[in-house]
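> Next come a sequence and a model predicted from it.
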2 protein chains.
Amino acid sequence: MTDPASPERPAAGLSRRGLLGLALGAGAAGVAVGVGATAAVARVSDAQAAPRADTQPFFGVHQSGITTEVQDHLHFAAFDVSDTTSREELVELLQDWSYAASRMMLGLEVSASGAVGGSPEAPPDDTGEALGLPASNLTITFGFGPTLFRSADGVDRFGIAAGAPEVLAPLPPFLGDDLDPDHTGGDLCVQACADDPQVAVHAVRNLSRIAFGRARLRWSQLGFGRTSRTSAQQQTPRNLFGFKDGTANLLATDEEALAEHVWVSAEDGPAWLAGGSYLVARKIAMKIETWDRVRLSEQETITGRAKGSGAPLNGGDEFTAPDFAALSASGGTAIDPASHVARAHPDHNGGIRMLRRGYNYVDGNTALGRLDAGLFFLGYVRSPERFITVQKSVATDLMMEYLLTIGSGIWAIPPAPSEGSFVGAGLFS
Amino acid sequence: MTDPASPERPAAGLSRRGLLGLALGAGAAGVAVGVGATAAVARVSDAQAAPRADTQPFFGVHQSGITTEVQDHLHFAAFDVSDTTSREELVELLQDWSYAASRMMLGLEVSASGAVGGSPEAPPDDTGEALGLPASNLTITFGFGPTLFRSADGVDRFGIAAGAPEVLAPLPPFLGDDLDPDHTGGDLCVQACADDPQVAVHAVRNLSRIAFGRARLRWSQLGFGRTSRTSAQQQTPRNLFGFKDGTANLLATDEEALAEHVWVSAEDGPAWLAGGSYLVARKIAMKIETWDRVRLSEQETITGRAKGSGAPLNGGDEFTAPDFAALSASGGTAIDPASHVARAHPDHNGGIRMLRRGYNYVDGNTALGRLDAGLFFLGYVRSPERFITVQKSVATDLMMEYLLTIGSGIWAIPPAPSEGSFVGAGLFS
């Protein structure tokens, strides 16, 4: 993050009322906190003309953090708007979050006064642990859950139920679900990805702080190893079963496929969501101790790919297309029809593809001395039904014996705000 | 990690009986698992003559992972030798761990057959998620806890009590302790640090697997942001209070200070520990929500340093020596005598310094929607008494109001094994 002596540039014009409120609410009433909403400190004065190599845009068409080349670290957070039922306060929260996110994605502190530039007699606006760190390709991606539009008991708290996407609803139960309510759902979600985990954690922490009095953190998850790629330049990483994951993922350059599979179109509706998407998050515990006792050939049969190369079992290399008709030496199909690669493949799901950007996680260990580990699945789809179709298909594949889904959520992902606006503004206009 | 087609080099001569046992025990009895103990696959045939830029040595004088330039990621694990009371099996565990660690620190798999080079009808020796990743400066540092020498009920299970360092005992209770037994103690510890978290996790996972039937994981901790430095080339990082941490840490180049403060000497005894050290781990929960509401001037008074620059409150820059006699404009001392920097300073602790290499952690969030965050302190000292002296001094400093120590442990850290031997061999000879 920049130090406060850096040059300034005009800001996005968003309210920072919430940030001021944060400082004032903590007992510093009457203290001038710093410059107003029209001045923001930027690292370089020509930031807009020549974006830094390690920054991603907050404003534009689609939110960053979807097709962005997958960063190595994740801090995901779900929030409930539990402390207000005011539509105006929800809008102000989204404005404040957008203001802070647009700054943090430039490598800046959450406000112009930041961690050390405010009054010594006030709590700092920024918590400071990212001071001195580069922007680290931080992306902050916001989403709106079904319960934002209508609470679990059916109340339209914010007068936005009429704008809800018809297709947005809590996911149905799937085989293999054992959902913990403390890792499921949430009115709002924040996906923070960065090259440096401290930068992602700093973002969630500060957004959580800015939400004070309006929304509160419901659950959160750190992830440390990406399990997909969105760029042909990225190596395919491995999941905690030791297999390459994400080989056939949608790439950022494949605009036609993204339009078909990821982006909500104007015809799909509602209008405010055009250019957006739907995000499904699934916390999938992996029974790694059991898996590690399975013989190699069986691991490969379950997956449908070779463990070393990642090639489908019909041969070739990682990028060879799976051939589900190819026969093995013993006479059966080379790829088991119940393998994970078969059940997840577009050929067996009406052509559906999704953009995945999941992460490995380890949450310490269980009381039995086993690592509490798994995959935090993140998938972007043009409609929830697309995810549901594929999930029903894989829910009985051979791999499910080694998986347990313990957390889940779905959120509508608005398009990126235009310069000077805030995320989801179209829903409130 | 290298693929199994890479050239070979002579191994360290350590037993890999345990690795074979792992595969055999899982139902593949009679299957040839691969090459024997005298062949190990190396990435480059001249690995010894010209170590790679991203590898650290396993054999030598002191274990790596103490003065090694602090890597960005940690997976720490404590084990109990709960499944055997055989001295021979403990020795074999240490041999197997040393064999696997020496390979992984070279960027290799845990055995020559690894994840994909063994029989397809046997579970792989290596879990595979680090295949294709560089060595990432992985260091694996082993330690022996008080309960290894004599169990909590006083039993000398392994016939090694006579070799126990006289000064090694569970730490006394301190003010601010609220220790969770599930994050405290352990017969053995493994500190895995790496540039890539997946490499550190892979190491702990595989060592845990190798321990099967002898030791089991008691607790573990991931850390993502180093909070110290051991090299003048490293920038001083920030902890989750937003302050620079580790400015005055012992550096790897300061051999005189290391001999005085970190390394156990031959005179200190016991002989097998000469060149080793003592490691204290403390899981310190930080009340970050409360801290974030404290005004800047008070945060700086508590710490004794400026939040932005890291300079002591008597002025200067980060590396200016604190002057505890300097006066402030208002007439008192510039640095509060109860501040953290004052209470932790060698001047107020009989000259004691320690080598710290702690990490920030975030374990998701509490049920109250607060990030469950803190500092995982790791400090190396020449004797436990040195840590105890400093801890008693800081346990009543101004910062303690915002801290709660929820996990703790102490381990004797043997010197590095010589080539062909195993960690702690001197204890058993």
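Cool, the structure landed. If you're wondering where the values come from, they're calculated on a predicted model, not measured in any experiment.

> Surely A:Thr290 forms part of a strand?
No: counting by DSSP: H, G, I helix; E, B strand; the rest coil, A:Thr290 is not part of a strand but helix.

> show me what contacts the closest residue to it other than its chain neighbours?
Using C-beta to C-beta, 6 or more residues apart in numbering or on different chains and skipping residues adjacent in sequence, the residue nearest A:Thr290 is A:Tyr402, 6.0 Å away. The way it works is simple: take the backbone N, C-alpha and C, and place the C-beta from them, glycine included. The contact partners of A:Tyr402, taken as C-beta atoms under 8 Å, 6 or more residues apart in numbering or on different chains, are A:241, A:286-287, A:290-291, A:294, A:302.

> Using CSV, please lay out those residues together with secondary structure and pLDDT.
CSV is the format used below for the contacts of A:Tyr402 (DSSP: H, G, I helix; E, B strand; the rest coil; pLDDT from 0 to 100):
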residue, secondary structure, pLDDT
A:Phe241, coil, 98
A:Met286, strand, 98
A:Lys287, coil, 97
A:Thr290, helix, 97
A:Trp291, helix, 98
A:Val294, coil, 98
A:Ile302, helix, 98
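
> Let's see if you can find the most crowded of those residues.
A:Phe241 (25 neighbours; other C-beta atoms under 10 Å in any protein chain shown).

> Make sure that one is actually in contact with A:Leu296.
No: the pair A:Phe241 / A:Leu296 is not scored as a contact, 11.7 Å apart, by C-beta atoms under 8 Å.

> Give me the below-cutoff pLDDT ranges for chain A.
Applying pLDDT under 70 to chain A flags residues A:1-52.

> in it, which spans are helices?
For chain A, the helices defined by DSSP state H cover A:17-23, A:87-104, A:146-149, A:197-210, A:255-261, A:288-291, A:296-303, A:340-344, A:384-394, A:425-428.

> and the second one with helix A:197-210, angle?
I take that to be helix A:87-104. When axes from the mean of the first three to the mean of the last three C-alpha atoms, to 10 degrees is applied, the directions of helix A:87-104 and helix A:197-210 differ by 160 degrees.

> give the contact list for the closest residue to chain B within the stretch 51-200 of chain A.
Going by C-beta to the nearest C-beta, chain B is nearest to A:Gly128 of the stretch 51-200 of chain A, at 2.5 Å. Applying C-beta under 8 Å, 6+ apart to A:Gly128 gives the contacts A:114-116, B:238, B:241-243, B:307.

> roughly how far apart are it and B:Ile66?
A:Gly128 sits at a distance of 29 Å from B:Ile66 (criterion: C-beta to C-beta, to the nearest Å).

> Stretch A:241-255 near chain B at all?
Yes: contact of stretch A:241-255 with chain B (C-beta under 8 Å from any C-beta of the partner chain) involves A:241-243.

> Next: stretch A:105-125.
Yes: Stretch A:105-125 reaches chain B (C-beta under 8 Å from any C-beta) through A:115-116, A:118-124.

> again, but for stretch A:305-319
Yes: against chain B, stretch A:305-319 shows contacts by C-beta under 8 Å from any C-beta at A:306-308.

> what do you get for stretch A:357-376?
Yes: using C-beta under 8 Å from any C-beta, stretch A:357-376 reaches chain B at A:360, A:362-365, A:367, A:369-371, A:373.

> May I have the phi/psi pair for the residue in the stretch 201-350 of chain A that chain B sits nearest to?
Proximity of the stretch 201-350 of chain A to chain B (C-beta to the nearest C-beta) peaks at A:Gly242, 2.5 Å away. When read as degrees, to the nearest 10, the backbone of A:Gly242 gives phi 90, psi 10.

> And the closest residue in space to it that isn't next to it in sequence, its phi and psi?
Of all residues not flanking A:Gly242 in the chain, B:Gly128 sits nearest, at 2.5 Å (C-beta to C-beta, 6+ apart). In terms of degrees, to the nearest 10, the main-chain angles of B:Gly128 are phi 90, psi -10.

> With A:Val280 as the reference, measure out to B:Gly128.
From B:Gly128 to A:Val280 the distance is 27 Å (C-beta to C-beta).

> Okay, and the beta partners of the residue nearest in space to the middle of chain A?
The centre of chain A sits closest to A:Gln191, judged by C-alpha atoms, centre = their mean, with a distance of 3.5 Å. In this entry, A:Gln191 is beta-bridged to A:Phe76, A:Thr141, by DSSP bridges.

> Is it correct that it is in contact with A:Ala200?
No: using C-beta under 8 Å, A:Gln191 makes no contact with A:Ala200, being 9.4 Å away.

> got any residues that touch both of these two?
A:Leu74.

> Next, count neighbours for A:Asp180.
Residues lying near A:Asp180 (other C-beta under 10 Å) number 13.

> what's it sitting at in phi/psi?
phi -90, psi 120.

> Tell me the buried residues in stretch A:212-223?
Neighbour-count burial for stretch A:212-223 flags A:212, A:214-223 (criterion: 16 or more other C-beta atoms under 10 Å in any protein chain shown).
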